[in-house]
Structures are given as C-alpha cells and as structure tokens.
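> Below are the sequence and a predicted model for it; my questions follow.
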Amino acid sequence: MPAGRSIDFSEPPSRRVMVLDKGSLHRVLNVPQLFAIGYGDVGSSIYYALGVTALYALGATPLALALAGIVFFCTVLTYAELSAAMPESGGSCSFARHAFNDLVSFIAGWALLLDYIVTIAISAYSIGPYLSNFLPLHINNVPFTIVILGVLLTINVLGIKESTRVALLLCVFDIATQLVIITLGLLLLMELFNPSQFVFHLQQLWIRLQIGLPDAAWSPTWPQFFKGVGMAMVAYIGIESISQLAGEARHPSRSVPRSMILTMVTLFALYFGISLIALTALTPQELTTMYLEDPIAGIAASIPFARHYLVPWVGLLGATILFVASNAGLIGASRLTFAMGEHFELPRIFYRLHPKYKTPYMSLIIFAGLACGIVVVGQRLTRLADLYNFGAMLSFALAHLSLIGLRYRQPGLPRPFRIGWNIRLGSADVPFTALLGLLGTAAVWIDVILTKPSGRNVGFAWLGVGLVLYFWYRGKQKLPAAGRLEIEKLSVPGHKEVTVKKELVPILNPASNEMVQFAARMAKDYGASMSAMHVIEIPPSLPLDTFFPEKLAVADTMMEQAQAIAREFEVPVEAQIKQARFAGESIVEVAREGGFDLVILGARLRPLSTAPGRTSFGTTIEYVVKNAHCRVWLFTGKS
C-alpha cells in the first residue's frame, strides 16, 4: 500500500427516508424455538451433505467436516456478536448495511436468497425418497413436493410461532434418533465393549484420515480433500436462519447468541459421531455409490440386528427433519426479503405484512413459488448443490468483514455479546476468529469460482439480474444506489390501508370511456372484481316492465364497450341492466345487496337555473353519495 494511504473505515454518508409505521414482526421466539430453526436448517444437511462430502474427501471425511466446523465456529461467533448488537431481521444483509452501505448490503442479501431458494427446493424434494423407506408407496415426487411447499406456506402465513413449535418437536425427535444411531454404531459396529476390536476400529479410522497416499483407494488427493471441505460447508447456512429471526426474538441480546452456540455444540457432536459410524459401517466407495443420496439410511442398513427397525425409522426421521429444513429456508427467505424491502433494496411488495397474522405473506408466497419452479424445471436438483457455497460463502465473508468494519467505525456500539481473542490492528481490537472466518469463507467462495462452472455461471447470473433490479428500483425511487438509508417510521393516527374487493361502476351516459379506464385500472391494482350497470328510468305513468328497444340497445352498447375497455386491463366485467323509477335508488340497492365496497360514478357539474352562479352534480349522483353504504368516488373527467 502506498505511503500515506489507508483503508477508509469512516462512517459512510446516510440519507433519512420517512415511511409509515405499519407495525413490526411480533417478538415471540425464545431460545428453544430459535434453536429449532437453526438446527433444522443445519442438521438436515447431514442427510445429503455426508454423501457428497465423502465423494471427494473419502476416508478423510471426518477431518473435512472438522475443518469446515472450525470455520463454522468462527462464523457463529461473528453472527452472535452482530445479531445481539443489531437485533433485526436481515442477517449478513443487515450487518453489511450498518458497516458499509446499501449496495454491499444488497449483494450480501441477494446472494443469500439464492441459497435459501435451493435449500427450500432440495429439502422439500428429498422428503419423498426418505418417506418411501417408511411407507412402501410409489410417490410422484414433483406433485408431492409442491403439496409439501403448500403446507409450509400455509403454516408460515398463519404465524411464525406455530411453525417453530412444529420445528422444535421434530428436532427433538431427530436428535434422539441420531443419538440412537451413534450409540448402536459404537456398540455393534465399533464393538465398544470389546477393547481390542474397538481400538482396532479406531486405528483403521485414523489410518484412513491420511491424505495424498497414491495407492490407497480411501485416501483423497489434496485438491479432492479441499473440495470435500467446501462441500461440508454446505451445512452451515442455518446460523443465518437464526439471525434472520432476531427481529422476532424475545430478549435477542441473550436468546440469539445462546441459541447459536447451542446449535453449534449440538452439531459438532452429531456430525462427528455420524461421520465416524458411517466410515466404520461402509467404505467410502460403498457410501458414495450405493447411498450417495441417502447416506443415513445406508448407516442404518449396515447395523446388525437393528436394520429392519432402523431403516423405516430413519426414513421417517429424514422426511421430518427435511420438512423442518425446508420450513427454515422459507422462514429465512421471507424475513430476509422483508428486511431488504423495508430498506428499499427490493420492491415494497416484499415488505407487506398480513393484516391479521402480521407475517410477511407476500415474501412467503413468492419464495414458495420460486422453490416450486426449481422443482418443476430442475427435476434433478443435485446439480444445483454448488450454488449453496457461492451465495453462502459470499454472505458469510461479508458478515466477517462487517464485524471488522464496525469495530473501527462504531467502537462504542453496545455489544451485549462481544468476542474475545482480539488482535490490536491500528485503532481497533479485531477478533482473531473473524479474520480466520473471513479467510476460510473467502477461500471456499474463490474455489467455487475457479473449479465449479455451474456454481460460478449461475451464481454470477443471479447476481447480475439482482443488481439490474436493484439499480432500476433505486432509480425509480430516486434514491442513491451506494448510499445508506436511515429509515424513520412515522405513526399517522387513524391511518388504515384502503382495500377494494368489489367495484360497482354505474354508467349513466355513453361518454364514460375515461371513467371505465380509471375503474378498470383501480380494479387491477387492488385485485378487485368489477361490475358495470346501467339503469333505464321508467316514468311513473308507465308500467315498470315497459319495453324500450331503443334504450335497451343503447344500454347494451354501453355495457359491451365497458367490457371491451376493461379487457385491455385484463379485468373481466360483469354487466347488468336494470329498469327502475329512479336510477339513484337502484344503484344504492345493487351496491348494498351485492356487497360492493366502492362505487365509481362519472359526474359533471351542471349550472343551477334557480341559483345563478351555483352548480350541482344532479339528483342521481347526490342521492347515491348521501345514501350509499360504501365509498363513492366521483370521476369528473375533462372539464
């Protein structure tokens, strides 16, 4: 670095943006529920990550998982400090916003969204094959997966607490089952109570950890081993899921770090134990050829005396924990897009909360739909596995970089959980674990770029599409792309969002073209149904059912024109013609009986002959305005 120059860690400029305070996500989650989400996302990966890791790391699979676990440990500590200091939805996206600017924040969030979509799709898609080990039924997996995603969508729209209760129950069941498998493996495969045989098995496992032996089928080359470490990193996106829920956690400064550390400790024990039992029960070649897609089922099938009970049990176990993982991915994606939408990084549709359940229902619907699309189009989803590491490692690296940046830029920021093991670098104490985590995650991301074309190509394409969307949306909102917005929420007394479900459009005369266009546009924007009507007024001196062919022909023409205009806006129109003594009474009656919540009338001011200089809209319009049970909007058109 040239003399006199240094990295600029000063505070970036910010811009205040005023928005309506429309409520926030409910804080209902405690440590067990946060743990269920994190463990459900991370713990499920062993059901497919073990086989893929062993495909590259072979006998050194436990070592690959351990090295990936060290980076995971560093990442957990970084997320624990930052989530406790900034308890809001967004995870690494939120951290990057506080440390740098909205553009870096968007890159972190958009990269992570790719991983969430793949997590949702692969986890849901894998439920069927595991479930077939429990129920010997032929399952058409694509429709079955879409049904699963629909169930998850419904549960999450109804409320986050309900979904995490299900997740917690399933996680308890999963942990107990994995402990049973490890215990039976120690007793029956490693012969724990036969000391000589137990020591022999340990020696064999130790020998197979060696890397780079040319004539050993179980020994990977160093490049293969590091690929295995990269695949083992697939398992660790779950910590991000916990961070996404910081905005819904009770006492987040305590509950979020505790749940993260509890998840980390549990996973270390289970991952290491399962990998040891797997390589005792099967050779790396058997594991990666016969049980590549269901390695846990392979372990269960290799345990003597218990295989007839364990295989169906593991089938049910795999299905349940993969259900939890897909649920965790859907929750994480919806909360992340909620946070990005709140800060104008994505269109505000992602920021909408359900009026009753206070859940980000639009985000949930969109990402459940994207996951369904991947399932329908991709079919063989294993080819997308490299996409995990592209997005996750980029986001994790930016999280570590954000922690380092905030140590310089905001040294006085309250940090309820603060990492130790600091190194003094210039004016700040930087955690050694953050530096190690940054190095490890950046190295895996660069490996994806250099050695995995599918991850590189699709990953950069995803980033490119996202950046185009981001710059377009910021430009449309007249907001700086590289600045940092400070969102200030204003409470407006009595503010309620206007909703329209049924529109009634009385057409009083043929000159209603502009009014019908306006009404059709309104119906499309609000997702409302639209009905047009015309009233033929019958004088009191004639019977009400008197037939006027000329007036009926004019009315038919007006209704057909209204339907044709509305079709240009893709809005179907129900047309009706009424005969009545007074048009105003008929309009009010139809509006009330049909349950319409908006009447749109075309109106023109008429001069009053009895009061020169004064005007009126006419008796029909004035009657409707005074007597209608719902809103009445007047469209005056051109003067």
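That came through, no problem. Model, not experiment: these values are computed from the prediction.
> give the contact list for V535.
Contacts here follow CB atoms under 8 Å, 6 or more residues apart in numbering; on that basis V535 touches 506, 508, 577-580, 583, 586-587. For the C-beta atoms, the positions are set from N, CA and C on the backbone; glycine is no exception.
> so how far is W633 from H534?
18 Å (CB to CB, to the nearest Å).
> got it, and H201?
80 Å.
> E589 now?
Using CB to CB, E589 is found at 19 Å from W633.
> between these two, which one's more packed in?
Neighbour count, other CB atoms under 10 Å: between E589 and W633, W633 has more, with 16 against 13.
> Only the buried residues of stretch 177-187, if you could.
Buried positions in stretch 177-187, judged by neighbour count with 16 or more other CB atoms under 10 Å: 177-178, 180-182, 184-186.
> quick one: low-confidence ranges for the stretch 151-300 of the chain?
Across the stretch 151-300 of the chain, residues meeting the criterion (pLDDT under 70) sit at 159-167, 235-238, 293.
> try it again with 50
162 (pLDDT under 50).
> For the residue of the chain most remote from its centre, give its distance to I404.
Computed with CA atoms, centre = their mean, the maximum C-alpha offset from the centroid of the chain is found at S541, amounting to 66.4 Å. Going from S541 to I404 by CB to CB gives 90 Å.
> which stretches of the protein have low pLDDT?
1-7, 9, 11, 162, 381-382, 613, 615, 639.
> how is it carved up into domains?
Split into domains by automatic domain parsing, the chain comes to 14-186+221-486, 502-635.
> quick one: the last one to chain centroid distance?
Right, the one you point to is domain 502-635. 44 Å (CA atoms, centre = their mean, to the nearest Å).
> okay, how far is it across it, tip to tip?
Domain 502-635 has an end-to-end distance of 17 Å (criterion: CA to CA, to the nearest Å).
> What about L169, how many residues nearby?
By other CB under 10 Å, the residues close to L169 number 13.
> From Q33, how far off is it?
11 Å.
> Same check on G595?
Relative to Q33, and taking CB to CB, G595 is found at 40 Å.
> Ok, V172 next?
For V172 relative to Q33 (CB to CB), the value is 12 Å.
> what does K476 give?
From K476 to Q33 the distance is 38 Å (CB to CB).
> Show the subsequent helix or strand relative to the one helix or strand V535 maps to.
Per DSSP states H and E: V535 is located in strand 529-537. Downstream of strand 529-537, the next assigned helix or strand under DSSP H and E is helix 549-567.
> Show me which parts of that next one are buried, residue by residue.
Buried, per 16+ other CB under 10 Å, within helix 549-567: 551, 555, 558-559, 561-563, 565-566.
> Verify the stated contact: L131 with I139.
Yes - contact between L131 and I139 holds when scored by CB atoms under 8 Å: they sit 6.9 Å apart.
> Show me which of the two is the more surrounded one.
In terms of neighbours (other CB under 10 Å), L131 is the more surrounded of L131 and I139; the figures are 22 against 14.
> ok, and for the helix or strand harbouring that one, which residues are buried?
L131 belongs to helix 102-132 when assigned by DSSP H and E. Residues of helix 102-132 classed as buried by neighbour count (16+ other CB under 10 Å): 102-132.
> Now do the contacts for P252.
Counting by CB under 8 Å, 6+ apart, P252 makes contact with 27, 83-84, 87, 246.
> let's go with 7 Å and repeat that
83-84, 87, 246 (CB atoms under 7 Å, 6 or more residues apart in numbering).
> Assign a three-state SS to the closest residue to S126 other than its chain neighbours, would you?
Counting by CB to CB, 6 or more residues apart in numbering, L322 is the residue found nearest to S126 once chain neighbours are left out, at 5.1 Å. Here L322 is recorded as helix under DSSP: H, G, I helix; E, B strand; the rest coil.
> Then the one 5 residues further on?
For N327, the assignment made with three-state DSSP gives helix.
> Over to the one 10 residues further on?
Under the three-state scheme (three-state DSSP), T337 adopts helix.
> Just to check, it is in contact with L346?
Yes - between T337 and L346 there is a contact at 5.8 Å, judged by CB atoms under 7 Å.
> more crowded one of these two?
T337 (30 against 25).
> Next, find the distance separating the more buried one from P411.
32 Å.
> T177 too?
As defined by CB to CB, T177 lies at a distance of 46 Å from P411.
> for W222, same thing?
For W222, the distance to P411 equals 41 Å [CB to CB].
> what's the most buried one of the domains of the chain?
Across the domains of the chain, averaging neighbours per residue (mean count of other CB atoms under 10 Å) puts domain 14-186+221-486 on top, at a mean of 21.
> can you pull the contacts of the residue nearest to T619 when sequence neighbours are not counted?
Nearest non-adjacent residue to T619, counting by CB to CB, 6+ apart: G584, 6.6 Å away. Shown in contact with G584 (CB under 7 Å, 6+ apart): 619-620, 623-624.
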